[in-house]
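Trainee: What follows is a predicted structure for the sequence shown.
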Protein chains: 2
Amino acid sequence: MTFKEKGLLVVLSGPSGVGKGTVCKALRSRGSSLHYSISVTTRKPREGEIDGVHYFFRTREQFQEMIRNEKLLEWAEYVGNYYGTPIDYVKKTLAEGKDVILEIEVQGALQVKRRFPDGLFIFLAPPSLKELKKRIVGRGTETASLIENRMTVAKSEMELMENYNYVVENDQVEKACDRIEAIVLAEHCRVERLIDKYKNTEGFDKQ
Amino acid sequence: MTFKEKGLLVVLSGPSGVGKGTVCKALRSRGSSLHYSISVTTRKPREGEIDGVHYFFRTREQFQEMIRNEKLLEWAEYVGNYYGTPIDYVKKTLAEGKDVILEIEVQGALQVKRRFPDGLFIFLAPPSLKELKKRIVGRGTETASLIENRMTVAKSEMELMENYNYVVENDQVEKACDRIEAIVLAEHCRVERLIDKYKNTEGFDKQ
């Protein structure tokens, strides 16, 4: 019997504004072996965002139908909009032995953890709350009251860090990517994942 | 209070002949941030080996005195020779917040685990037992009966793999080094190690 390693489900999460999207984009441009799941959202596309590439943009009615039909691995309403992860792609890709990365909000990550407790949960953290605020303000897409709202949410999300396996500080995007790639490579070396390959040394040479 | 991360104790072990020494040497020449502990042994120096650089070469009497004085973190008698790790250097370096790597035999690694259960135990595995035998024979330093002895020991050591945290296949030295460096970097991102830094978001900005 040939040893076949299962794909890893990598969940990259963290407070809004911490740079999850930027880090994912950088990972992608490095040509990492991670497979990206595209989220569904009811929020309006930002400039340059393309349906089916950056997100699946859907109406509230369409989104609610996906919830009813259990087509979402997780979903959340966040600052007035729905965000979710289509489940079919994730299951199919993991079954093929490929690693999948999800870039999702903290609420959603905890939902995924209930369904995939063996997933790899990475909390992307800002170097400081001051820096986080600067990034949200700098994005220029939010009003002052939305910014305060996001900061309050961010502080409570930081408290949920202990539900994750790893914390990656996003001080510099490339360094954050190095750490994420190291985590994925290291997890593939965990003894629990590989023990069956070597379990029986008699059979070890016959693979 | 400033958050100070503790040093990691990395234990690289695996069957004799798997290439622990070669991998450690390669890690060192890459300039990794790991600090190397020098072992003590009673075996004769191989060509080019220098006392105090590759090993501390000692007599059996001297070695036994170190055991009596509890100056060894671990020690083992292996194919007629003693091997051990001086404890003082390891403790001092970890206390300074630096990572230490030990390159030791399987018996010794399990002794270290009893004293440092939080250590990072990496099992260096051969691509196959056939390949392992080839490497031991290729070294040209062992007689036929010693080779058979080593192979028997190696097989039983493979069965102890489940006591380790990670398995790194030494198919290519540079790849093995990549994996070990990734494991160390990933472990520094584990939430248990970093949670105190972020625990109290009120204090998080005041560091």
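Mentor: On my side now, so go ahead. Residues are numbered from 1 along each chain as shown, chains lettered A, B, ... in the order given.
Trainee: and chain A, which residues reach chain B?
Mentor: Applying CB under 8 Å from any CB of the partner chain, we find that chain A lies next to chain B at A:122-123, A:125, A:128-130, A:155, A:158-159, A:161-162, A:164-168, A:178-179, A:181-183, A:185-187, A:189-191, A:194-195, A:198, A:201, A:204-205. Bear in mind the C-beta positions are built from the backbone N, C-alpha and C, glycine included.
Trainee: what do you get if the cut-off is 6 Å, keeping everything else the same?
Mentor: Residues of chain A that fall close to chain B, judged by CB under 6 Å from any CB of the partner chain: A:128-130, A:155, A:158, A:161-162, A:164, A:166-168, A:179, A:182-183, A:185-186, A:189-191, A:194-195, A:198, A:201, A:205.
Trainee: Weed out the non-buried ones from these.
Mentor: A:129, A:158, A:161, A:164, A:166-168, A:179, A:182-183, A:185-186, A:189-191, A:194, A:198, A:201 (16 or more other CB atoms under 10 Å in any protein chain shown).
Trainee: from those, which ones fall inside helices?
Mentor: If you go by DSSP state H, these have A:Leu129, A:Met158, A:Arg179, A:Ala182, A:Ile183, A:Leu185, A:Ala186, A:Val191, A:Leu194, A:Tyr198, A:Thr201 in helices.
Trainee: From the residues you listed, which one has the minimum pLDDT?
Mentor: Across these, the member with the lowest pLDDT is A:Thr201, scoring 60.
Trainee: A:Met151 falls within a helix, correct?
Mentor: Yes: the assignment for A:Met151 is a helix, going by DSSP: H, G, I helix; E, B strand; the rest coil.
Trainee: count of neighbours near it?
Mentor: A:Met151 is flanked by 17 other residues according to other CB atoms under 10 Å in any protein chain shown.
Trainee: And the residue nearest to it when sequence neighbours are not counted, what's its pLDDT?
Mentor: Spatial nearest neighbour of A:Met151, chain neighbours left out: A:Lys133 (5.8 Å); criterion: CB to CB, 6 or more residues apart in numbering or on different chains. Listed pLDDT for A:Lys133 reads 89.
Trainee: got a list of contacts for the one helix or strand A:Lys133 maps to?
Mentor: Using DSSP states H and E, A:Lys133 sits in helix A:129-139. Here helix A:129-139 makes contact (CB atoms under 6 Å, 6 or more residues apart in numbering or on different chains) with A:Gly17, A:Pro126, A:Ile147, A:Arg150, A:Met151, A:Ala154, B:Asp205.
Trainee: and the helix or strand harbouring A:Lys155, C-alpha only, in CSV?
Mentor: Taking DSSP H and E as the definition, A:Lys155 sits inside helix A:144-158. What follows is helix A:144-158, C-alpha atoms only, in CSV (Å, rounded to 0.1, in the frame of the first residue of the first chain):
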residue,chain,number,x,y,z
ALA,A,144,-14.6,57.5,11.3
SER,A,145,-17.4,55.6,13.2
LEU,A,146,-16.7,52.4,11.2
ILE,A,147,-13.0,52.7,12.1
GLU,A,148,-13.9,52.9,15.8
ASN,A,149,-16.2,50.0,15.4
ARG,A,150,-13.4,47.9,13.7
MET,A,151,-11.0,48.8,16.5
THR,A,152,-13.4,47.6,19.2
VAL,A,153,-14.0,44.4,17.2
ALA,A,154,-10.2,44.0,16.7
LYS,A,155,-9.5,44.2,20.4
SER,A,156,-12.1,41.5,21.2
GLU,A,157,-10.7,39.3,18.4
MET,A,158,-7.2,39.5,19.8
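Trainee: tilt between that helix and helix A:129-139?
Mentor: 140 degrees (axes from the mean of the first three to the mean of the last three CA atoms, to 10 degrees).
Trainee: who touches helix A:144-158?
Mentor: With contact meaning CB under 6 Å, 6+ apart, helix A:144-158 is reached by A:Pro15, A:Ser16, A:Val106, A:Leu132, A:Lys133, A:Ile136, B:Tyr198, B:Thr201.
Trainee: swap the cut-off to 7 Å and go again
Mentor: A:15-17, A:79, A:106, A:129, A:132-133, A:136-137, A:142, B:198, B:201 (CB atoms under 7 Å, 6 or more residues apart in numbering or on different chains).
Trainee: Show me which of these are buried.
Mentor: Buried subset of these (neighbour count, 16+ other CB under 10 Å): A:Pro15, A:Ser16, A:Gly17, A:Val106, A:Leu129, A:Leu132, A:Lys133, A:Ile136, A:Glu142, B:Tyr198.
Trainee: Let me know the closest of those to A:Arg30.
Mentor: A:Gly17 (22.7 Å; CB to CB).
Trainee: now the closest one, what's its secondary structure?
Mentor: At A:Gly17, secondary structure determined by three-state DSSP is coil.
Trainee: what about A:Gly31, neighbour count?
Mentor: For A:Gly31, using other CB under 10 Å, the count is 7.
Trainee: can you confirm it is in a strand?
Mentor: No: going by three-state DSSP, the assignment for A:Gly31 is coil, not a strand.
Trainee: Please report the distance of it from A:Arg58.
Mentor: 30 Å (CB to CB, to the nearest Å).
Trainee: now the strands for chain A?
Mentor: Secondary structure of chain A (DSSP state E): strands located at A:9-13, A:35-36, A:39-41, A:55-57, A:72-78, A:81-86, A:100-103, A:120-125, A:166-169.
Trainee: Dump the ones you listed to TSV, plus mean pLDDT and distance to B:Val23.
Mentor: Output for these, formatted as TSV (pLDDT from 0 to 100; distance: least, CB to CB, whole Å):
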stretch	mean pLDDT	distance to B:Val23
strand A:9-13	97	27
strand A:35-36	92	30
strand A:39-41	92	41
strand A:55-57	93	44
strand A:72-78	89	39
strand A:81-86	92	39
strand A:100-103	94	29
strand A:120-125	97	25
strand A:166-169	97	25
